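Q: need a 3D model of the sequence below.
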Amino acid sequence: MDQDIFVKRTDPVYMAHAYLTKVPLAAIEPFITRFTEPGATVVDPFAGSGMTGVAAAILGRSARLFDISVLGQHIGRNYLNVVDPDNLTKAASRAVHEATQLVGDLYSISCSRCASQAATLTKTTWSVVLRCPQCETPVNYYRALQAAAWDKSRTLCSTCHSNLSTKAPRVAEEPVLDSITCPCSSVQIDQPPDLNCPEAPALDISPPSVDIPADRQMYQASALGKHGLTTVASFYSPRNIAVLTALRHVIGAIDDEPLRNKLTFVFTSILTRASKRYQWSHKRPLNAANANYYVAPVFYEWNVFDLFLRKVDAAISSDQWLLDRHLTETGTPTLAPDVTYSLASADRLPLPDNSVDYVFTDPPFGSNLFYADMALFQEAWLGRFTDHTLEAVIDRGNRKKRDGDRYERLLTAALNECRRVLRPGGYITMVFGNSSGHVWHLVQRAVSAAGLTIDPDSIVILNKGQRSVKGLASGFENVVTTDLILSMRPAQPADPSAVHIPASTEVDSVIATLLQTHRADTPSHLYLELLRRGIASGWDLSALDLRLITTAVREHGWAVNPATGHLERNRPY
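A: Residues are numbered from 1 along each chain as shown. Below is the predicted model of the structure:
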């Protein structure tokens, strides 16, 4: 295998539906091709959004997918639910028409330029109203930011002129700008908000009344109680919650099951964008924060019907792309995948011994993300929920119940199951990323305890491209932006003495060599190169945190370009 795989997250399948830490198909396919033959059976016990199954189907393999995630199963099944594009387009148009009949034309608006009533609202920009800590006057944050020429550091209270921070208490939300389309203009028009827009009607059908419980880690991390955002419905404007409720009701009444399921897939793909979690930026929209429940101080309220119809086009593009790739790889024009996706825990796979040819999986990365907490946002609309108590994570807010020891036991049991169902000679490939040496050593122990050994020649660095504004700002936020792909096979139990704690001089020597040979271009890349060398050399990884790299980089006379996040020589060493 190549030592590095760089993939873009822009293919039509990847873009059709968001899911946390989704592995692109281009990162999975080379491993399936290397370790299996056509017709082989591939297993993924942490299937997530089902990308392993999609890759297997493209390449003419079978796949058995398992996860505890209701949302993951919904997405994974519908990626491979290829439907007639004309039928999908017509069904989507009917759904929008029928939903509009239920709620009225809530996005119709008057154009301030030509006074036409034929304009359509594209989005409304909303601002929080903050209570000034000094004079307690309510301040519209957007207006204050506008007065400061969009410089956050110069934002002031409009009354007492003291510095105003977004940490001030939020007391209300106000519309500040409407963006519309109108026949009088070939481009979008921005105009003052319509304060007399029609109210959403009361419906006989109800939106999901699903609480986000206080024991959820993301409830604590996002301070939902402080902001009064303790239900899924509270993240939507009254207009958009009404439209979404009507649209979901209409879709659920469609008789054709494949069409109904595909449109539900489209519906769940827009839920985050249609909420208050879609962040505003003075230059361009920043998209929704998929990994947390953050509502920015300035956010967008998008036209739900526009989002929905655009995503229908995206689903059609995804289907066609899959068909084209499958034809190229197999010579077969139709896609009839032998792929199943079952709800099951990775430590109890309902498969016989020695029954599969290969395992490719992407387990949760310790305490990085809480999939079940975030999936609640879509599962509330599906009416089925993941049992989050089964999730293999290290809970930063409730370590007594979900600590590192429990995570290690679950990962070990899952790898044991992978070894049990694997046919002789088969391989297990696992994607993993974390900035903590402690977590990496935990992975080492789990691999060894499961009777597996890592093939040092098959350790690959996966770079999915850097989208994180935080991770790009300076390169020193101790956020790993790349992953390792480890390929393993069954082996005799490892000798504990084969793993040793490396001397600091040994570690520093490897870092210096990597820097001098320009083997890595970012701190994250350098960190994973160090881990790769450490695994191959039998190091105990427990002390190798990303912070070690960021310190060493500076000491060796290197810096990080804040514009690119790349390493560059700062001074002679």
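Q: what about residue 266, which SS state?
A: Local secondary structure at residue 266 is given as helix here, using DSSP: H, G, I helix; E, B strand; the rest coil.
Q: I figured it hits residue 309, correct?
A: No. In this structure residue 266 lies outside contact range of residue 309 using CB atoms under 8 Å: 9.0 Å. C-betas here are computed from N, CA, C, even on glycine.
Q: residue 132 against residue 163, yeah?
A: No. Taking contacts as CB under 8 Å, residue 132 lies outside contact range of residue 163: 9.7 Å.
Q: which neighbours do the two share?
A: For the pair residue 132 and residue 163, residues contacting each of them under the criterion CB atoms under 8 Å, 6 or more residues apart in numbering are residue 157.
Q: okay, these two: which has more neighbours?
A: When residue 132 and residue 163 are compared for neighbours, residue 132 comes out ahead with 21 against 13, by other CB atoms under 10 Å.
Q: and that one, how far from residue 238?
A: Counting by CB to CB, to the nearest Å, the gap between residue 132 and residue 238 amounts to 27 Å.
Q: any idea how the protein splits into domains?
A: Each structural domain of the chain that the record assigns through automatic domain parsing is listed here as a residue range: 4-80+337-495, 86-312.
Q: hey, what's in contact with both of residue 266 and residue 309?
A: With CB under 8 Å, 6+ apart, residue 266 and residue 309 have common neighbours residue 92.
Q: name the residue in these two with the higher neighbour count.
A: For residue 266 versus residue 309, neighbours defined as other CB under 10 Å are more numerous around residue 266 (26 against 17).
Q: after the lowest-mean-pLDDT helix or strand in the chain, which helix or strand is next?
A: Of all regular secondary-structure elements in the chain, judged by mean pLDDT, DSSP states H and E, the least confident is helix 469-473 with a mean of 39. Elements were assigned by DSSP states H and E; along the chain past helix 469-473, the next helix or strand is strand 483-490.
Q: put the alpha carbons of that following strand into PDB.
A: Included here for strand 483-490 are C-alpha records, laid out as PDB according to Å, rounded to 0.1, in the frame of the first residue of the first chain:
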ATOM      1  CA  ASP A 483      -6.000   9.200  10.800                       C
ATOM      2  CA  LEU A 484      -4.000   6.000  10.700                       C
ATOM      3  CA  ILE A 485      -5.300   2.900   8.800                       C
ATOM      4  CA  LEU A 486      -4.000  -0.200  10.500                       C
ATOM      5  CA  SER A 487      -4.200  -3.600   8.800                       C
ATOM      6  CA  MET A 488      -4.100  -6.600  11.200                       C
ATOM      7  CA  ARG A 489      -4.200 -10.400  11.000                       C
ATOM      8  CA  PRO A 490      -4.600 -13.200  13.600                       C
END
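Q: could you list the low-pLDDT ranges of the stretch 151-300 of the chain?
A: Per-residue confidence of the stretch 151-300 of the chain (counting by pLDDT under 70) places the weak regions at 285-286.
Q: so where do the helices sit in it?
A: Across the stretch 151-300 of the chain, reading from the start of the chain, the helices by DSSP state H, counting those that start in this stretch fall at 217-221, 224-227, 238-252, 257-270.
Q: quick one: those helices as TSV, columns for distance to residue 352 too.
A: Rendered in TSV, the data for the helices of the stretch 151-300 of the chain read as follows (distance: least, CB to CB, whole Å):
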stretch	distance to residue 352
helix 217-221	36
helix 224-227	44
helix 238-252	37
helix 257-270	29
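Q: do you know which of those helices lies nearest residue 524?
A: Closest approach to residue 524 among the helices of the stretch 151-300 of the chain is made by helix 217-221 (22.1 Å; CB to CB).
Q: from the chain's centroid, how far away is the closest one?
A: Mean-position distance between helix 217-221 and its chain equals 17 Å (CA atoms, centre = their mean, to the nearest Å).
Q: cool, stretch 322-330 as well?
A: In terms of CA atoms, centre = their mean, the centre of stretch 322-330 is set 26 Å apart from its chain centre.
Q: so residue 264 sits right up against residue 71, yeah?
A: No. Contact criterion CB under 8 Å: residue 264 and residue 71 do not qualify, at 11.4 Å.
Q: surely residue 379 is in contact with residue 70?
A: Yes. Applying CB under 8 Å as the test, residue 379 and residue 70 come out as touching, 5.3 Å apart.
Q: shared neighbours, these two?
A: Between them, residue 379 and residue 70 share these contacting residues under CB under 8 Å, 6+ apart: 385-386.
Q: tally of neighbours for the closest residue to residue 124 other than its chain neighbours?
A: Nearest residue to residue 124 in three dimensions, chain neighbours excluded: residue 301, at 4.5 Å (CB to CB, 6 or more residues apart in numbering). Under the neighbour criterion other CB under 10 Å, residue 301 is assigned a count of 22.
Q: any residues in contact with both of residue 264 and residue 71?
A: Residues touching both residue 264 and residue 71 (CB under 8 Å, 6+ apart): residue 382.
Q: in terms of neighbours, single out the busier of the two.
A: Summary of the neighbour comparison: residue 264 and residue 71, criterion other CB under 10 Å, with residue 71 having more neighbours (26 against 18).
Q: could you say what helices and strands the helix or strand the more buried one falls within packs with?
A: With secondary structure defined by DSSP H and E, residue 71 is part of helix 70-79. In this structure, helix 70-79 makes packing contacts with helix 51-58, strand 62-67, helix 257-270, strand 339-343, helix 371-382, judged by 3 or more CB pairs under 8 Å, 6 or more residues apart in numbering; DSSP states H and E.
Q: who's in contact with whatever helix or strand comes next after it?
A: Elements were assigned by DSSP H and E; along the chain past helix 70-79, the next helix or strand is helix 85-103. Helix 85-103 is contacted from outside by 200-201, 203, 242-243, 246-247, 249-251, 254, 256, 259, 262-263, 266, 305, 308-309, 312, 315-316, 319-320, using CB under 8 Å, 6+ apart.
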